[in-house]
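>>> return a 3D structure for these sequence lines:
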Amino acid sequence: MYIDPHILRSLHRSDLRRRILMHLYQIYPSATYLSEIARNVGSDPSNVRGALVGLGNRYNGDSSLVYLGLVEEVHNNGFKYYKLTEYGKKVMEYLKTYYPYYKKFW
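As a prediction, this is how the structure comes out:
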């Protein structure tokens, strides 16, 4: 499986992105809302939003989980939910083969 180096760089640079991705992987294929993700990863909702979709200078949109295709934003009845994409699931399964290295992050 090929993983874009930009994805690996994005995950290596942000502990929060890694924690969000792991949480969404654990609840896959379910979708969840922003504040629930924030509560589960132990972070502020604005920081979680930045990691998911980008937020000004602090979180680069080109490195966001949605932009990279790992997470999708689902709109339902005026609410936004986030869920792991099939590609995001495959990336996580691939990264889990290197569990000893990634164990320190998750």
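
>>> going forward, measure contacts and count neighbours with C-alpha atoms only.
OK.

>>> what's the most far-flung residue of the chain relative to its centre sitting at in phi/psi?
Going by C-alpha atoms, centre = their mean, the residue of the chain most distant from its centre is residue 77, 23.0 Å out. With angles defined as degrees, to the nearest 10, residue 77 sits at phi 50, psi 40.

>>> what segments of this structure are strands?
According to DSSP state E, the chain carries its strands in the segments 71-76, 79-84.

>>> out of those, which one sits most buried?
Comparing the strands of the chain by mean neighbour count (mean count of other C-alpha atoms under 10 Å), strand 79-84 ranks first with a mean of 18.

>>> so which residues make contact with that strand?
Strand 79-84 has contacts (C-alpha atoms under 8 Å, 6 or more residues apart in numbering) with 21, 24-25, 28-34, 70-75.

>>> residue contacts, residue 28?
Contacts for residue 28 (C-alpha under 8 Å, 6+ apart) come out as 83, 84, 89.

>>> can you redo the residues you listed as CSV with pLDDT and distance to residue 64?
Output for those, formatted as CSV (pLDDT from 0 to 100; distance: C-alpha to C-alpha, whole Å):
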residue, pLDDT, distance to residue 64
83, 98, 14
84, 98, 13
89, 96, 16
